[in-house]
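Chemist: Quick one, fold the following:
(one chain, ligands or ions: 1)
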Amino acid sequence: MAAVSGVLPQVPEPRAAVFRTFSKPRPAHARRQAAATKRKCQASSEAPPAKRRSKASFLPAKKTAAKETRRTLKGKAQRTFSPKKPSAGARDGDQERKPGAKTSSLFKNNPEIPELPRPVVKQVQEKVFTSDAFQALDLHPHLISTINTVLKMSSMTSVQKQSIPVLLEGRDALVRSQTGSGKTLAYCIPVVQSLQAMQSKIQRGDGPYALILVPTRELALQSFDTVQKLLKPFTWIVPGVLMGGEKRKSEKARLRKGINILISTPGRLVDHIKSTKNIHFRQIRWLILDEADRILDLGFEKDLTVILNAVNAECQERQNVLLSATLTEGVARLADISLHDPVSISVLDESHDVSSPESEAFLEASPPQATDELDGFAIPAGLEQHVVVVPSKLRLVCLAAFILQKCKFERDQKVIVFFSSCELVEFHYTLFLQTLLSGSGALAPEHLPSTSTPLKFLRLHSALEQEERTAVFQDFTHSKTGILFCTDIAARGLDLPQVTWIVQYNAPSSPAEYIHRIGRTARIGCHGSSLLVLAPSEAEYVNSLASHKINVSEVKMEDILSVLTKDDCFKGRRGGSQKSRAAGPQEIRERATVLQTLFEDYVHSSEETVSGAKKALQSFIRAYATYPRELKHIFHIRLLHLGHMAKSFGLRDAPKNLCASAMKKKKANLKRPDLQRKKTQSKQRLAEILRSEYASGMETGGTKVRKQNTRAGPASQPAAPPAPRAQPPPREQIKHPPPSRPQASRKVC
Ligand SMILES: Nc1ncnc2c1ncn2[C@@H]1O[C@H](COP(=O)(O)OP(=O)(O)OP(=O)(O)O)[C@@H](O)[C@H]1O
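Modeler: Okay, the predicted model is just below:
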């Protein structure tokens, strides 16, 4: 199980003080800038002569492009890292140039956009709803009426139909079903039903009976909200959430009063275990790990070890439930060693039994028994996935054009854009706010896009104050429209209603993360779309996705950029508009250049903004260096063209020494065996804890383990864990089902 944490290298989200990096330009400055931009709008076109205007001219001439591709993609790619020889007035220290500087060509010297592979992919899909009502379950009538009237739900989803009876029987379970299929209620309903039915009525002061661990604070709040609603008729059971951000003192006070269903992020719970005297786990009946694979991925192993130690020390008999939309090898192994005679619930299994021919048409032929990541993950049926290949220089304008198209020229669009770090979120958020948003003060209103629908930008990442995080989460949840820039903290579990588009501006580092990110749309049978932005050198990623049964269809960058012709704010020097003449590739190029100029002018408007852009670029490079080994042939920093990347941060030149410092840092880490050792040790500790959870006190079983499992270490050292990636000991050696639990045969595991 510990191996999972190695699969997804973490992009650190340092709490850099990036938020103050961009200050609003003063009005006088803004006026000067506006005037400069006006000049540029009239004079910055890099249009080739009219004769050369053709569709093909939209992209660079093939010869140049091929040369460039060779230079950046082949062996000598390393050279692309060295910053460009500074031209006069364009040295590193000279980055802050006056607005009005000419924007270098966006459309020349780009690598050729390769033909995208078109692998034949048969996606895995699940049936979301069943026709069975909650009344069919043996639940307290008040619980059923709460589900019907408060939650306004009548029929069960497939995962609920399969999981609730199993959990009510008292079994451990590993639950996998697609994103947005109702897993939260699949565990919350049995927890509430079982606790309200306890013979000796639960007292608040008893402390936690159920412990629900989730990876992020927003998810903790969301799950708490669901539990709270379900508990309406059972007022004597008290739910509570611990999630950091709140004052520890007030959390302590709430713990002291008593919380019966405790929802927490691992880190905060560990905090309390270590520092709060009043926390105990004597009554624990349920341990739920929602987004179980993520809890391990995020480097929570250490925290989980502390939590399991604390819980095991006070209580051995409980139900354990692991849930995730992505059953990775790691989670399956965790299930193997931590669950007690578990039932493996996969909605896909049931889908195979569905007799309706139309639903069968969607189904994957092979059963989902294998548990490694090469298996396909289910994708919601209403989700359309797209990919666009964009040369690095054009990334920024392409993202802006996409956002304008969706949120300005279409109605009721809610878009989430994923980035790989806090700095990237903060940089793009501030940049777009200052340049695209009316009244931001960055430009005089006459030079801003005439918004037909007001743009609303929000951002969410781990370096924000909790108050702001919660406010943003609530705001986006209740908004009908808006653009949320975020890191992967929003990728898991969040149920944000009516999200129409997911944009992955930086490709995710694993297919599982891809699935969770796109899973923020098309939830519970709804429709939604996603767009993955790739560089030409990353086109191969489409095949990588296909090997996990993920199918993406291509959209052309030109089609995205063409929206700029709808907005006269981006008119080029000849001032054409869609009214006066048809928008051709040339006009699109001109307008894209005007937009890029707007960005560059803002970035170069002060030292502070230049430095913010450089930091963001550096953060991008750092994140890029952390793709896992199996994706390194696609995402390798050697394949990046620094000068072109700089452009996508509004920088006119490649800053010096950026890559060198990023590489140095990486090398330094590689040279530190103590870091590697620490990582291995924490993985081993977790394996040990999970095993001892069931091995301790089981004389016969325990002896059997020691005899049969030589890998587990000599009999005199029962606690010694195998190496993290080693196979877990055979289940019967570590399992000791309590007599009260039914011994029905396992479904799949
Ligand atoms: N039986 C049901 N009928 C109608 N809506 C439901 C039902 N069960 C859950 N939902 C709704 O479906 C949405 C998704 O549920 P939930 O967040 O539990 O999905 P999930 O499977 O946990 O997703 P993820 O894998 O992304 O965490 C929520 O808005 C929830 O209220």
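Chemist: and the residue of the stretch 1-150 of the chain nearest the ligand?
Modeler: F129 (7.1 Å; Cβ to the nearest ligand atom). From N, CA and C alone the C-beta is placed, and that goes for glycine too.
Chemist: Quick check: beta-bridge partners of that residue?
Modeler: Using DSSP bridges, the bridge partners assigned to F129 are T157.
Chemist: from what I can see it touches S155, true?
Modeler: Yes. Applying Cβ atoms under 8 Å, one finds F129 in contact with S155, separated by 6.0 Å.
Chemist: that older thread, what about the residue of the stretch 1-150 of the chain closest to the ligand, how many residues nearby?
Modeler: Around F129 there are 15 other residues, counting by other Cβ atoms under 10 Å.
Chemist: in the strand or helix carrying Q474, what counts as buried?
Modeler: Using DSSP states H and E, Q474 sits within helix 466-478. Buried positions in helix 466-478, judged by neighbour count with 16 or more other Cβ atoms under 10 Å: 469-470, 472-473, 476-477.
Chemist: Turn these into a markdown table, including distance to the ligand and pLDDT.
Modeler: Output for the buried residues of helix 466-478, formatted as a markdown table (distance: Cβ to the nearest ligand atom, whole Å; pLDDT from 0 to 100):
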| residue | distance to the ligand | pLDDT |
| --- | --- | --- |
| R469 | 18 | 94 |
| T470 | 18 | 93 |
| V472 | 19 | 96 |
| F473 | 14 | 95 |
| F476 | 14 | 97 |
| T477 | 11 | 96 |
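Chemist: Pick the one among the residues you listed closest to S553.
Modeler: F476 (27.3 Å; Cβ to Cβ).
Chemist: residues of stretch 636-649 that come out buried?
Modeler: 637-649.
Chemist: Closest one of the residues you listed to I621?
Modeler: I637 (6.1 Å).
Chemist: you'd agree the closest one is up against A623?
Modeler: No. With contacts counted by Cβ under 8 Å, I637 stays clear of A623, the gap being 10.0 Å.
Chemist: Contacts only, for whichever residue of the stretch 251-400 of the chain sits closest to the ligand.
Modeler: Here the stretch 251-400 of the chain gets closest to the ligand at one residue, A325, 4.0 Å apart by Cβ to the nearest ligand atom. Contacts for A325 (Cβ atoms under 8 Å, 6 or more residues apart in numbering) come out as 176-179, 181, 183, 377-378, 515-516, 519.
Chemist: So which of those belong to strands?
Modeler: Counting by DSSP state E, the part of the contacts of A325 found in strands is R176.
Chemist: looking just at contacts, which helices and strands does the helix holding Q474 meet?
Modeler: helix 217-230, strand 457-460, strand 482-486 (3 or more Cβ pairs under 8 Å, 6 or more residues apart in numbering; DSSP states H and E).
Chemist: could you check the angle strand 482-486 makes with it?
Modeler: 140 degrees (axes from the mean of the first three to the mean of the last three Cα atoms, to 10 degrees).
Chemist: ok, and what's touching helix 466-478?
Modeler: With Cβ under 8 Å, 6+ apart, helix 466-478 has contacts from 217-218, 221, 243-246, 414, 458-460, 464, 482, 484, 494, 496-497.
Chemist: Pull it out as PDB, backbone CA atoms only.
Modeler: Extracted C-alpha coordinates of helix 466-478, given in PDB (Å, rounded to 0.1, in the frame of the first residue of the first chain):
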ATOM      1  CA  GLN A 466      -8.900  28.800   5.700                       C
ATOM      2  CA  GLU A 467     -11.500  31.600   5.900                       C
ATOM      3  CA  GLU A 468     -10.900  32.500   2.300                       C
ATOM      4  CA  ARG A 469     -10.800  28.800   1.300                       C
ATOM      5  CA  THR A 470     -14.200  28.200   2.800                       C
ATOM      6  CA  ALA A 471     -15.700  31.400   1.400                       C
ATOM      7  CA  VAL A 472     -14.400  30.500  -2.100                       C
ATOM      8  CA  PHE A 473     -15.800  27.000  -1.900                       C
ATOM      9  CA  GLN A 474     -19.200  28.300  -0.800                       C
ATOM     10  CA  ASP A 475     -19.200  31.000  -3.400                       C
ATOM     11  CA  PHE A 476     -18.400  28.700  -6.300                       C
ATOM     12  CA  THR A 477     -20.800  26.100  -5.000                       C
ATOM     13  CA  HIS A 478     -23.700  28.500  -5.100                       C
END
